[in-house]
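Engineer: Quick check, what structure comes out for this input:
(chains A and B, ligands or ions: 2)
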Amino acid sequence: MLQTVLDANPAGETINARDTTLAAYRFMLRARVLDDKFAALYRAGKIHGGVFLGRGQEALSAAVGVSLKKTDVFAPLIRDAAGRLAFGETVLDAIRTYFGSSLGPMRGRDGNVHRGRPQEGYLPMISHLGAMISVVNGALFARRMKGISGTVGATCLGDGATSTGAFHEALNQAAVEKLPLVLILADNQYAYSTPTSRQFVCDDLADKAVGYGVEASSVDGTDLAACLKIAGNAVARARSGHGPQLVVAKLLRLCGHGEHDDSNYIDPKLKNSPLGRDCLKVAEEFLLRQQWTDTGTLATWRGEIVTEIEEAVAQVRREPAPDPYDEKWLAISSKHLSEMHEE
Amino acid sequence: MSITYLEAIREAQAHALRDDPRVFIYGQDVGAFGGAFKATKNLQKEFPGRVLDSPISEDAMVGMAVGAAIEGMRPIIEMQFADFSIVGFNQIVNQAATLFWRTNVPCPITVRLPFGGTEGGGPFHSQSIEAIYAHYPGLVVLTPATVEDAYSMLLEAVAIDDPVIFCEHKFLYYHLKAEKLPSEALPIGKARIAREGRDLTVVAYSAMVHEALVAAEELSAEGWEIEVVDLRSVKPLDTDTVIASVARTGRLLCVGEAWPWGGVTAEVIARVASEGFGLLDVPPQRLNAKDTPVPYHPNLWMAHRPTARAVAAAARKILRR
Ligand SMILES: Cc1ncc(C[n+]2csc(CCOP(=O)(O)OP(=O)(O)O)c2C)c(N)n1
Ligand SMILES: [Mg+2]
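Structural biologist: Numbers count the residues shown, from 1 in each chain, chains lettered A, B, ... in the order given. Ligands and ions are numbered 1, 2, ... in the order given. Modelled structure (predicted):
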């Protein structure tokens, strides 16, 4: 994989920048097409509950995903379709979870963005914002205790979630334990309808790191090349023992909070500002300018991805829904301690 | 005119804001946006400076309400989902709930919890957590089942001097409609006979009242007359009305959407068993959600929560004994 190329050869930046950027772009594109498909299925009434997209955040998310190794720990959040794919999630896992397929990793018990494979270091988010950070800390702490070195744990968060106590407790905890945590903060200007002015008053969320003695960096979240550099650097510094890293990316959520939300509260000035650029287009223009690809290839990739996702959706839609009669209604693993008695 | 359960909640808040300058509303997205469910729609415009967006800080939201209450205000806190109120749990149960008992200074805050299951809600947007709040001394826990009660009980919640956990069921928000808002209401702490009958008492609250009523209708076709008691408030719990009903029917089924362990249904049965044992012709029964988190897929969710069908099936078992 590309990550290994990067790791093995940190000096050979220019050769590998091309491959890494192209790979990250393809994850972005797959995430965008997948998200668009979920949005269409939602509008057609085919999805139970909400649909939450990462439109406008793919560059940041993909950059995190490609900067990690398969053996790292990753706890993505709602807008991380790209990072999930880059970390190794299959589109089938994503689609099965949205449909609640019994063959998916969550078996219809949990849905949409609440998915993961904890046995593979891919942690399944709960809804409660800020709650995953300390869990990543715990995974890193355990690996250290077990004598496993070189692991990094990354997790993602929004601007709004920095107002939770959980965020502050966990960032401080990571600092105290000097854990290789990479905390990616997508400052997308809104938390649901609430603008950042009602959430915090510091100039830059990176300022939060100072009080905890944590290293921080800020980046233009619409710029894939910049995100790759900053995320790669943060992961490398965490891996080499410099403690927790806070990465703050500025961008704009280019969709509703969920697909139920028309987001008419978003300030048009922001949409027309550099923050409102579509990172996917920016990345395409960059790749073309670098002559790392051409428009024909971009179109071919998109076509291939659309086919891949359409086929996967068609497959999942034929799969069995969970059957309540087959379901094990048991929430603890120690069967002998269960009080459940089936009626 | 027809008004939904959700609109009744909005109207009650508008009424409270209009009538009492001490009232203000604080919660995530409650301002210009009008709240995740639109329960505060247009209120910020109508009452400038008194309907405020909070940061995503449930602990601090409740803590601030307690401080304001000490200063004589009557804050209404909207939790975006009941499930997230757990992040503010410490302030609710250790701060708000103990204040009056420790200091003789009351704590008139209202915490609104949009709760209960909906299709596709999943484990973190579906919880029914009235029992854990009811467990703590010092809290009043309300569970309105009708549009009228949603309105009048919310007004009373704001008016009373104690911290109130106001559990409003998301499933009822849009489904339930009434012709008009009530001008009078039963006081908090009184249960209501939602349907009269002589063969079996079904005690329910919130959305489960409606499942029980549908089940009662189904069973009436089989010749059974089911009495449905709507608790309205789970704390205080109107044991008298329940026992009076059991005295008429001799049979009891308690239905709750929450998990079974240590819940409201267990409390009702414990009270009836200890205070009205001799009134029971057969052992009292209860029906709750299954003892697992709330599942996402509708197939699982429908089996997880008590439905009218499940209530009817449980009732038949009791009636045949
Ligand atoms: C503790 C907690 N409170 C409230 C919510 C409800 N909620 C879900 S997403 C959201 C907004 C999150 O905003 P932000 O952190 O900026 O992330 P974004 O959606 O912008 O990516 C809120 C309030 C929650 N999930 N958890
Ligand atoms: Mg945000």
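Engineer: Only C-alpha atoms from now on, for both contacts and neighbour counts.
Structural biologist: Will do.
Engineer: hey, where'd the helices end up in the chain?
Structural biologist: If you meant another chain, say so; for now it's chain A. Along chain A, the stretches classed as helices by DSSP state H are A:2-8, A:13-43, A:58-67, A:81-87, A:91-99, A:131-145, A:165-177, A:208-212, A:224-239, A:268-271, A:279-289, A:295-318.
Engineer: The intended chain is chain B.
Structural biologist: So, for chain B - with DSSP H - the helices run B:5-19, B:43-46, B:58-70, B:89-90, B:97-103, B:130-134, B:147-159, B:172-175, B:207-220, B:239-249, B:264-276, B:298-304, B:308-319.
Engineer: Including distance to ligand 2, could those go into JSON lines?
Structural biologist: Listed next are those as JSON lines, based on distance: least, CA to the ion, whole Å:
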{"stretch": "helix B:5-19", "distance to ligand 2": "27"}
{"stretch": "helix B:43-46", "distance to ligand 2": "22"}
{"stretch": "helix B:58-70", "distance to ligand 2": "17"}
{"stretch": "helix B:89-90", "distance to ligand 2": "24"}
{"stretch": "helix B:97-103", "distance to ligand 2": "33"}
{"stretch": "helix B:130-134", "distance to ligand 2": "30"}
{"stretch": "helix B:147-159", "distance to ligand 2": "32"}
{"stretch": "helix B:172-175", "distance to ligand 2": "27"}
{"stretch": "helix B:207-220", "distance to ligand 2": "33"}
{"stretch": "helix B:239-249", "distance to ligand 2": "47"}
{"stretch": "helix B:264-276", "distance to ligand 2": "38"}
{"stretch": "helix B:298-304", "distance to ligand 2": "29"}
{"stretch": "helix B:308-319", "distance to ligand 2": "40"}
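Engineer: Let me know which of those helices is tucked in deepest.
Structural biologist: Most buried of those, by mean neighbour count (mean count of other CA atoms under 10 Å in any protein chain shown): helix B:147-159, with a mean of 24.
Engineer: quick one: average confidence on that one?
Structural biologist: Averaging pLDDT along helix B:147-159 gives 98.
Engineer: got the angle for that helix vs helix B:5-19?
Structural biologist: 30 degrees (axes from the mean of the first three to the mean of the last three CA atoms, to 10 degrees).
Engineer: Just the CA atoms of helix B:147-159, as CSV, please.
Structural biologist: Taking C-alpha atoms only, helix B:147-159 is exported to CSV below (Å, rounded to 0.1, in the frame of the first residue of the first chain):
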residue,chain,number,x,y,z
VAL,B,147,-51.7,16.6,23.1
GLU,B,148,-53.7,18.2,25.9
ASP,B,149,-51.3,16.8,28.5
ALA,B,150,-48.2,17.8,26.6
TYR,B,151,-49.5,21.4,26.8
SER,B,152,-50.9,21.6,30.3
MET,B,153,-48.2,19.5,31.9
LEU,B,154,-45.4,21.5,30.4
LEU,B,155,-47.0,24.7,31.7
GLU,B,156,-47.3,23.1,35.1
ALA,B,157,-43.7,21.8,34.9
VAL,B,158,-42.5,25.4,34.4
ALA,B,159,-44.7,26.7,37.2
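Engineer: In stretch A:186-202, which residues are buried?
Structural biologist: Buried residues in stretch A:186-202, counted by 16 or more other CA atoms under 10 Å in any protein chain shown: A:186-196, A:198-199.
Engineer: Stretch A:224-242 too?
Structural biologist: A:224-228, A:230-239, A:242.
Engineer: Now do the same contact list for the residue nearest the centre of chain A.
Structural biologist: Nearest to the mean C-alpha position of chain A, counting by CA atoms, centre = their mean, stands residue A:80 at 2.6 Å. The neighbours of residue A:80, taking CA atoms under 8 Å, 6 or more residues apart in numbering or on different chains as the test, are A:54, A:57, A:58, A:61, A:62.
Engineer: What is the neighbour count of the first one?
Structural biologist: Right, residue A:54. Residue neighbour count, defined by other CA atoms under 10 Å in any protein chain shown, stands at 26 for residue A:54.
Engineer: now residue A:334
Structural biologist: Count around residue A:334 with other CA under 10 Å applied: 8.
Engineer: Would you mind measuring from the closest residue to chain A within chain B to residue B:294?
Structural biologist: Across chain B, the shortest distance to chain A (CA to the nearest CA) belongs to residue B:120, at 4.0 Å. Residue B:120 sits 10 Å away from residue B:294, going by CA to CA, to the nearest Å.
Engineer: again, but for residue A:274
Structural biologist: 42 Å.
Engineer: So for these two, which residue has more residues nearby?
Structural biologist: Set residue A:274 next to residue B:294 and count neighbours by other CA under 10 Å: residue B:294 wins out with 29 against 14.
Engineer: contacting residues around the residue nearest the centre of chain B?
Structural biologist: By CA atoms, centre = their mean, chain B has its centre lying nearest to residue B:143, at 1.8 Å. Going by CA under 8 Å, 6+ apart, residue B:143 touches B:166, B:167, B:168, B:169, B:205, B:206, B:231, B:232, B:233, B:234.
Engineer: what's near enough to touch residue A:158?
Structural biologist: A:185, A:186, A:187, A:188, A:191.
Engineer: one more time with 10 Å
Structural biologist: A:77-79, A:129-130, A:184-191, A:248-249 (CA atoms under 10 Å, 6 or more residues apart in numbering or on different chains).
Engineer: same thing with residue B:286?
Structural biologist: Applying CA under 10 Å, 6+ apart to residue B:286 gives the contacts B:202-203, B:252-256, B:260, B:265-266, B:268-269, B:311, B:314-315.
Engineer: switch the cut-off to 8 Å
Structural biologist: Per CA under 8 Å, 6+ apart, neighbours of residue B:286: B:253, B:254, B:255, B:265, B:266, B:269.
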